[in-house]
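Colleague: Pasting the sequence and the predicted coordinates here, then a few questions.
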Amino acid sequence: MTFELVVIGGGNMGAALVGGLLDGGVVERDQVAVVEPAETRRDVLTDLFPDVAIVADVPPCRAAVLAVKPQTIGAVAATAAQAGATRLLSVAAGVTTSVIAAAAGEGVAVVRAMPNTPALVGEGVSAIAPADGAGDADLDWAEQILGAVGLVVRVAEDRLDAVTGLTGSGPAYVFLIAEALVDAGVLAGLPRTDVEPMVAQLLVGAAALLQRDGDAAGLRAKVTSPGGTTAAGLRVLEERAIRAALIDAVQAAADRSRALGSSSN
């Protein structure tokens, strides 16, 4: 049997993609296979995805998602191409499309992606970039796959490091802010058991408003009354250079992504 899609790597990201694809009806259960070498993980995946082929080796396929460690991506790309895949979508960090395409050989379209961890709950942000020779149809295919777990944007490959610094590392910045808000609420006298869900909902609600209106500065202004409590709090944040710190954090992460990519290619 030849599968329409094979997901190589059954870790968290690979499993999230399979779940999103199945839930969204993008692929049928009998048309997708998951390749996972670890037997214990295969057992977990079998429980998660009944009626989906969970296998140890790459079966014949038309396309493949490469959700493996960067150091194995070349060998895995070559194996997928030998199994018949004419399209490859890589979510391996730092490995360029030229490296993957060279390993896969001629006649294989390669698209590289940078997803982030909220994809695990269907709320991810992914950027995709094509290799030379990959066309709009190949990008449409990659976007359909990653769209099952969130928003997808198309960028030039040299912008993927910036994406890494912003949305790839960004969840950690948000979690750090959440930690600080929880600690602040406790310090102000609220029980931690109440503060943690309050902060989580605060972030969900603020994100929903931002997604609806798309105007962070305008939304901030609406919350900030002249001489009010929010203005007092924002003054402290600006004095402590929180805005500049976040900008510098994104830049530092992007620079580190470039350095890691250069050393692995």
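Modeller: Alright, I've got the coordinates.

Colleague: Let's verify the residue lying farthest from the centre of the chain: helix, strand, or coil?
Modeller: Residue farthest from the centre of the chain, counting by CA atoms, centre = their mean, is residue 227 at 40.3 Å. Recorded secondary structure, residue 227: coil (DSSP: H, G, I helix; E, B strand; the rest coil).

Colleague: same deal with residue 118?
Modeller: helix.

Colleague: and the closest residue to it other than its chain neighbours, how many residues sit next to it?
Modeller: Once flanking residues are discounted, residue 118 sits nearest to residue 124: 4.7 Å by CB to CB, 6 or more residues apart in numbering. In this view, the C-beta of every residue, glycine as well, is placed from N, C-alpha and C. Residues lying near residue 124 (other CB atoms under 10 Å) number 24.

Colleague: these two touch, right, residue 124 and residue 113?
Modeller: No: applying CB atoms under 8 Å, one finds residue 124 not in contact with residue 113, separated by 10.2 Å.

Colleague: anything in contact with each of the two?
Modeller: By the contact definition CB atoms under 8 Å, 6 or more residues apart in numbering, residue 124 and residue 113 are jointly contacted by residue 146.

Colleague: in this structure, what spans have low per-residue confidence?
Modeller: Residues of the chain meeting the criterion pLDDT under 70: 263-265.

Colleague: so where do the strands sit in it?
Modeller: 5-8, 32-35, 53-55, 63-66, 87-90, 109-114, 124-130, 150-154 (DSSP state E).

Colleague: Just give the closest residue to residue 166, not the sequence neighbours.
Modeller: Nearest non-adjacent residue to residue 166, counting by CB to CB, 6+ apart: residue 250, 5.2 Å away.

Colleague: Show me how the record splits this structure into domains.
Modeller: 5-160, 170-262 (automatic domain parsing).

Colleague: Just the terminal-to-terminal distance for the first one.
Modeller: The distance separating the two terminal residues of domain 5-160, taken as CA to CA, to the nearest Å, comes to 25 Å.

Colleague: what's around the nearest residue to residue 261 once chain neighbours are set aside, how many residues?
Modeller: Closest residue to residue 261 in three dimensions, ignoring its sequence neighbours and counting by CB to CB, 6+ apart: residue 94, at 4.1 Å. Residue 94: 21 surrounding residues under other CB under 10 Å.

Colleague: how far is stretch 17-36 from where the chain is centred?
Modeller: Taking CA atoms, centre = their mean, to the nearest Å, one finds stretch 17-36 lying 17 Å from the centre of the chain it belongs to.

Colleague: Just the terminal-to-terminal distance for it.
Modeller: Terminal residues of stretch 17-36 lie 14 Å apart, using CA to CA.

Colleague: List the buried residues for that stretch?
Modeller: Buried residues in stretch 17-36, counted by 16 or more other CB atoms under 10 Å: 17-22, 26-27, 31-36.

Colleague: from those residues, which is closest to residue 164?
Modeller: Each of the buried residues of stretch 17-36 was scored against residue 164 by CB to CB, and residue 17 proved nearest at 18.4 Å.

Colleague: That closest one reaches residue 122, doesn't it?
Modeller: No: contact between residue 17 and residue 122 fails when scored by CB under 8 Å: they sit 10.5 Å apart.

Colleague: Find residues that contact each of those two.
Modeller: Counting by CB under 8 Å, 6+ apart, the shared contacts of residue 17 and residue 122 are 148, 149.
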